[in-house]
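Student: sharing a model that was predicted from the sequence below.
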Amino acid sequence: MKNVVLLGSTGSIGTSSVKVAEDLPDRIRLVGLAAGNNAELLLKQARKHRPEAISINNPEKAGDLGKFFGAATQIYSGDEGLIKLATLPAADIVLIAIVGTAGLKPALAAIRAGKDIAIASKEILVMAGEIVMSEARKHGVRVLAVDSEHSAIFQCLDGKPSSSVRKLWLTASGGPFRNTPKEEFPNITVERALKHPSWVMGKKITIDSATLFNKGLEMIEARWLFDIGIERVGVLVHPQSIVHSMVEFVDGALLAQLSTPDMCLPIQYALTYPDRAPSERVQTNFAKLGNLTFEEPDAERFPALKLARRAGEVGGTLPAVLNAANEVAVEAFVNRKINFPQITEIVRRTMDAHKVVLHPTLEQILEADAWARREALIMTNDK
């Protein structure tokens with residue numbers, strides 16, 4: 001039995017994680033649930049699973065939730081609530097499924113409290129991979145991947161050292177605009193960008209998939225998770241989204257993890273690791289699939305990959321700037337303030353204006369994040 005704290009329980013990854021817990025009641029117990037603003041769904045989840053503690057962003061909503069529970073359930077709110085849940089004494093593992101940068105401090109708090117963490121939030125390792133992995137080694141805890149691509153690599157590596165790896169291959173669906181001519185990009189609507197061909201996800205990550213920024217962030221994430229130089233991390237477009245990623249070893253052998261797209265599988269693997277628990281949820285029929293195809297990503301139409309590789313190569317505070325500027329630009333696009341190509345343009349300009357700090361402290365990372373948000377916001381308002 002694993003006692004799990006789930007931060008971000010009402011989002012797309014969070015609700016899938018709850019499904020996994022319900023599939024495996026003899027293996028997974030939800031001892032803590034934290035949500036952003038969806039008090040109604042959090043209440044429903046908490047009533048069903050009876051966690052020791054819950055948290056919601058809004059203090060007023062926390063007060064309202066308190067009316068439904070007795071003294072056995074602790075109720076928290078805001079950033080302090082996330083830290084309280086991340087360090088809950090009963091927890092064995094903390095699954096962080098919070099969108100954006102809000103998961104960074106709870107992740108570090110969980111590690112320092114001796115908890116394993118499972119990361120579904122790319123921003124944590126993109127912003128502070130050096131600090132997070134150093135703290136994990138220091139405190140003897142595991143950092144487990146929940147992203148389907150990183151879970152696939154983790155499964156293929158199976159404990160082998162990075163010295164045995166020639167290259168890690170992250171696969172990408174290519175998003176909804178894989179075959180769209182570049183000259184049409186300025187006319188792409190928000191509605192079109194939110195129609196992902198393979199996955200059902202939140203708005204931010206769906207737009208990131210359309211620009212391929214998600215794959216760029218995953219490259220940086222893989223660099224830290226697997227202790228490997230970013231020059232040995234590549235991307236292949238694989239429209240069927242069946243091969244979730246591959247490891248190419250130094251002897252030329254390649255191992256891949258394949259399955260029908262379903263986030264419940266990587267979530268379950270992270271929460272039950274090192275075991276594999278039986279589940280009928282994911283079924284893969286190769287005869288019905290027919291063909292699996294691969295192609296090089298088009299760096300001219302999707303310059304996000306070059307920007308991410310540059311951020312990963314330079315390191316320091318630049319990945320945090322890349323991430324923050326992208327968050328601001330995506331929000332501006334969703335709010336129809338900028339067009340689709342301007343997302344990448346704003347990120348590039350923000351990166352160009354930044355003075356990089358190498359081997360930064362957490363405070364310097366957060367300062368770079370705040371600076372990039374201000375800078376990118378000015379640029380989006382100028383459009």
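Tutor: That came through, no problem. Because the structure is predicted, anything quoted here is derived from the model rather than measured. Residues are numbered from 1 along each chain as shown.
Student: would you mind checking the average pLDDT for stretch 179-198?
Tutor: Confidence over stretch 179-198, taken as the mean pLDDT, stands at 90.
Student: do a quick rundown of the strands in the stretch 1-150 of the chain.
Tutor: The residue ranges that make up the strands of the stretch 1-150 of the chain, judged by DSSP state E, counting those that start in this stretch, are 2-7, 28-35, 53-56, 74-77, 93-96, 116-119, 143-145.
Student: what residues does the longest helix along the chain touch?
Tutor: What stands out as the longest helix in the chain, according to DSSP state H, is helix 362-382. When contacts are taken as Cβ atoms under 8 Å, 6 or more residues apart in numbering, the neighbours of helix 362-382 outside the stretch itself are 101, 104, 108, 127-128, 131, 317, 320-321, 323-325, 327-329, 332, 337-338, 342, 346-347, 349-350, 353-354, 357, 360. The way it works is simple: take the backbone N, C-alpha and C, and place the C-beta from them, glycine included.
Student: now tabulate the strands of the stretch 1-150 of the chain in TSV and tack on distance to Ala311.
Tutor: Formatted as TSV, those follow (distance: least, Cβ to Cβ, whole Å):
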stretch	distance to Ala311
strand 2-7	25
strand 28-35	29
strand 53-56	32
strand 74-77	34
strand 93-96	21
strand 116-119	18
strand 143-145	20
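Student: can you redo these as TSV with mean pLDDT and mean neighbour count?
Tutor: What follows is the strands of the stretch 1-150 of the chain, written out as TSV (pLDDT from 0 to 100; neighbours: other Cβ atoms under 10 Å):
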stretch	mean pLDDT	mean neighbour count
strand 2-7	98	26
strand 28-35	98	26
strand 53-56	97	26
strand 74-77	96	19
strand 93-96	98	26
strand 116-119	98	24
strand 143-145	96	22
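Student: out of those, which comes closest to Ile13?
Tutor: Of all the strands of the stretch 1-150 of the chain, the one in closest proximity to Ile13, counting by Cβ to Cβ, is strand 93-96 (8.2 Å).
Student: who does that closest one pair up with?
Tutor: strand 2-7 (parallel), strand 116-119 (parallel) (DSSP bridges).
Student: dump these to JSON lines, plus distance to Ile228.
Tutor: Supplementary listing: the strands paired with strand 93-96 in JSON lines, determined by distance: least, Cβ to Cβ, whole Å:
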{"stretch": "strand 2-7", "distance to Ile228": "27"}
{"stretch": "strand 116-119", "distance to Ile228": "17"}
